[in-house]
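J.: model the structure of this input:
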Amino acid sequence: MKKKCSSFSNKEIPPASADSNGFSEFIYESTESQDFDEFLRDPPNMQNKRTVRGKASESQFKNPNYRPSNEVRKRRKKAPEKFGLALLGILYFSIVILNLIQPDRPDVSENEKRELTKMPAFSYSSLCDGSYFDQLSLFFSDTFIFREKLVLLSRKIPSLYGISGNFSVLSNTGAEKETDPNISEKLEDELNKLQSEEPVTAAVTEPETEPPETDIVSVSLSQSEISLPVGSTAAIEFVISESENSGISPTVTAGSDIIFASISGNQIIVGGLAEGVSSLTVNYGEASAVCAVAVTSVTVANNNGEADFLANGLFIYNGAVYTISNYGKQSVGYISRCLDYYKSLFPDTRISIMPAPVSSILIDNPEITEKFTSQKYILDTMQSRMSPQINFVNTYDEIFSHRTEYLYFKSDHHWTQLGAYYAYRAFAESAGFSPTPLSDMTHEIINSSFNGSMYNFTGDERVKDFIDQVEVYYPTKPAAMTVTKHDGTVLTYNRTIIGESGNYQAFIAGDNPYTVINVPDNPQDLSILVIKDSYGNALVPFLTEHYGNIIVIDPRYCDINIYDHFKDYGLTDILVTGNIQSQNSIKWASYYFACAGIDLESLG
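T.: Here you go, the predicted structure:
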């Protein structure tokens, strides 16, 4: 019986055993076990293939720098990795150094329309409580180099994924599942346990003095007649010719309730409120000039063109960006339960909730509206789930009936103050007040070339061409407003609309943690607490028509316990208001519970 040789292994053979043809190197490099008899039985061409790879010249063995070929290949493979790591290291440290030494740090984000965090002032107390490093981290985060471009890029990336079935853009949370689980027993137990337990000086108005008489020549207008659609405004220039400056201020009067008119500089701002024919008169001493005004009705034919649906619940249609919304069963259940808990804490206070529709309410093209949930359905369903002790203000009919007017910005996710006015009317009537007519308020356009937040949300270049105007309606009563900002700074104003800002932050000075407004002309025992998102900003000035004291909380930035702070205040009303998306999100439900000292995440 023929005896087989033992198989070759990868053990190193001493150099002395290496023959001149380098066969032993082949044995060294072999990674297979192979019987020598089988090797000999291979055809000659196969033997050559096996041996040729293992041959080496004597000069290679004598070369002290010689390395086997597999080791060389490994070194070559690692070279790109080392280069890549070195490149990343250089890039990382370059970014760190640039962030530390950049000379002109931005103060405002043009894309996000907000002030950026400032460098915190160092103090021993802030160092000890950790707030100094928290603010420092926010400062570097807000002023990171190329941040604006990176934010825009992040907005564009989701659109590459296509359209998902659920959207949420204003609530800062993802869309919720269409399920309706019961409120957790843990939360109910906590609520039941808790339920078993237990002024700013107004601006001084200077007295009017009789102006001296002088010779007035004439008053002339740039137009003697004008036509405008319902809900729109126009500017008419006027010129006063006189022999000397008399010190008299010109006045303007509207001929009927279908228009309003106000003076802004050397212009008359006229707006159409209802269809019909009227006129306005500019008076200056004994001189006057009249302009005929025809107000026409406009029906928005939302049946032309195609809607371009983007990511995050937005679509572009007829030169504007629109927002849609979804119904969140679970979140509405939580909010309903939270409002009931508010009522148990303040049994003598009226508790109201007023969700604000978003801009897609303006669309009546069925080919488009069939692609998202009807806001009427959402609001009606929300209302059906509130207990009878809660005042649910359904604004759908009031806003939808005026949908042909300028109720929402084309380039911003907010409503205009005119849109907020119609919501105010619905709330005032539900609370037993008579809403103040728009014609009684002074009107002004503070910015005729406003481009809002939608470019930041979409990153779509088309949105840069969507230009809006910011219109404001000044309340009829003087008010003093004290604003506590994010950094603890306290500012005081003698008005609730800061027109010089020129954007949506004009309304109650923007989103701030805590704001107090006093209206001395109203009964001081009428007080309202408003818990709101940014939609509430444009609404609050209208409340000065009725309440003596208005407290405004943005629960995203203010963590006070409303019961501890206001249990002895004698609140007449608590109003919870925000856009319909935030009122259908778990995140905002948790904010509302937090206002009463309950951590929803730990109990829900």
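J.: buried sites along the host helix or strand of Ile445?
T.: Under the criterion of DSSP states H and E, Ile445 resides in strand 442-450. If you call a residue buried by 16 or more other C-beta atoms under 10 Å, then strand 442-450 has these buried ones: 442-447, 450. No exception for glycine: its C-beta is placed from N, CA and C like everyone else's.
J.: in CSV: these, plus pLDDT and distance to Ile248.
T.: Output for those, formatted as CSV (pLDDT from 0 to 100; distance: C-beta to C-beta, whole Å):
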residue, pLDDT, distance to Ile248
Thr442, 92, 19
His443, 90, 22
Glu444, 92, 21
Ile445, 93, 25
Ile446, 94, 26
Asn447, 94, 29
Phe450, 94, 33
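J.: which of those sits closest to Thr416?
T.: Phe450 (10.2 Å; C-beta to C-beta).
J.: what ranges do the helices span in the stretch 451-600 of the chain?
T.: Counting by DSSP state H, counting those that start in this stretch, the stretch 451-600 of the chain has helices at residues 454-458, 535-543, 562-566, 586-594, 600-603.
J.: alpha carbons only: can I get the last one in PDB?
T.: The one in question is helix 600-603. The C-alpha trace of helix 600-603 is given here as PDB (Å, rounded to 0.1, in the frame of the first residue of the first chain):
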ATOM      1  CA  LEU A 600     -46.700  63.700  30.500                       C
ATOM      2  CA  GLU A 601     -43.800  61.700  29.200                       C
ATOM      3  CA  SER A 602     -43.200  60.000  32.500                       C
ATOM      4  CA  LEU A 603     -46.900  59.300  33.100                       C
END
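J.: quick one: contacts of it?
T.: 184, 186-187, 190, 334, 586, 589-590, 593-594 (C-beta atoms under 8 Å, 6 or more residues apart in numbering).
J.: between those residues, which is closest to Ala480?
T.: Closest to Ala480, out of all of these and judged by C-beta to C-beta, is Ala594, at 28.7 Å.
J.: what about the closest one, neighbour count?
T.: 20 (other C-beta atoms under 10 Å).
J.: deepest of the helices of the stretch 451-600 of the chain, which one?
T.: Highest mean neighbour count among these (mean count of other C-beta atoms under 10 Å): helix 535-543, with a mean of 26.
J.: coming back round to it: save the helices of the stretch 451-600 of the chain as a markdown table, and put in distance to Glu370 and mean pLDDT too.
T.: Written out in a markdown table, the entries for the helices of the stretch 451-600 of the chain read as follows (distance: least, C-beta to C-beta, whole Å; pLDDT from 0 to 100):
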| stretch | distance to Glu370 | mean pLDDT |
| --- | --- | --- |
| helix 454-458 | 23 | 88 |
| helix 535-543 | 26 | 98 |
| helix 562-566 | 41 | 93 |
| helix 586-594 | 27 | 94 |
| helix 600-603 | 34 | 78 |
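J.: rebuild those as CSV, extending it with distance to Leu88.
T.: Shown next, in CSV, are these (distance: least, C-beta to C-beta, whole Å):
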stretch, distance to Leu88
helix 454-458, 30
helix 535-543, 44
helix 562-566, 50
helix 586-594, 36
helix 600-603, 37
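J.: between those, which one is closest to Leu491.
T.: Across those, closest to Leu491 is helix 535-543 (C-beta to C-beta), at 15.3 Å.
J.: hmm, who's touching the closest one?
T.: With C-beta under 8 Å, 6+ apart, helix 535-543 has contacts from 356, 414-417, 419-421, 423-424, 427-428, 436, 473-475, 496-497, 504-505, 507-508, 510-511, 515, 517, 528, 530, 532, 550, 552, 577-579.
J.: which among these count as buried?
T.: Neighbour counting by 16+ other C-beta under 10 Å classes 356, 414-417, 419-421, 423-424, 427-428, 436, 473-475, 496-497, 504-505, 507-508, 510-511, 515, 517, 528, 530, 532, 550, 552, 577-579 among the contacts of helix 535-543 as buried.
J.: could I get the full set of strands for the stretch 151-300 of the chain?
T.: For the stretch 151-300 of the chain, applying DSSP state E, counting those that start in this stretch gives strands covering 216-221, 225-229, 233-242, 251-254, 259-264, 267-272, 276-284, 287-296.
J.: pull up the pairing partners for the helix or strand just after the last one, direction included.
T.: Looking back up the chat, that one is strand 287-296. Next along the chain after strand 287-296, taking DSSP H and E as the criterion, comes strand 308-309. Sheet pairing of strand 308-309 (DSSP bridges) gives strand 314-317 (antiparallel).
J.: so Ala480 makes contact with Asn518?
T.: Yes. Ala480 is within contact range of Asn518, at 5.0 Å (criterion: C-beta atoms under 8 Å).
J.: quick revisit: please identify which of the buried residues of strand 442-450 is nearest to Phe372.
T.: If you rank these by distance to Phe372 using C-beta to C-beta, Phe450 comes first, at 26.2 Å.
J.: what bridges to that closest one?
T.: With DSSP bridges as the criterion, Phe450 is bridged to Asp468.
J.: for Leu575, see how far away the nearest residue to Val321 once chain neighbours are set aside is.
T.: Closest residue to Val321 apart from its sequence neighbours, by C-beta to C-beta, 6 or more residues apart in numbering: Met454 at 4.1 Å. According to C-beta to C-beta, to the nearest Å, Met454 and Leu575 sit 27 Å apart.
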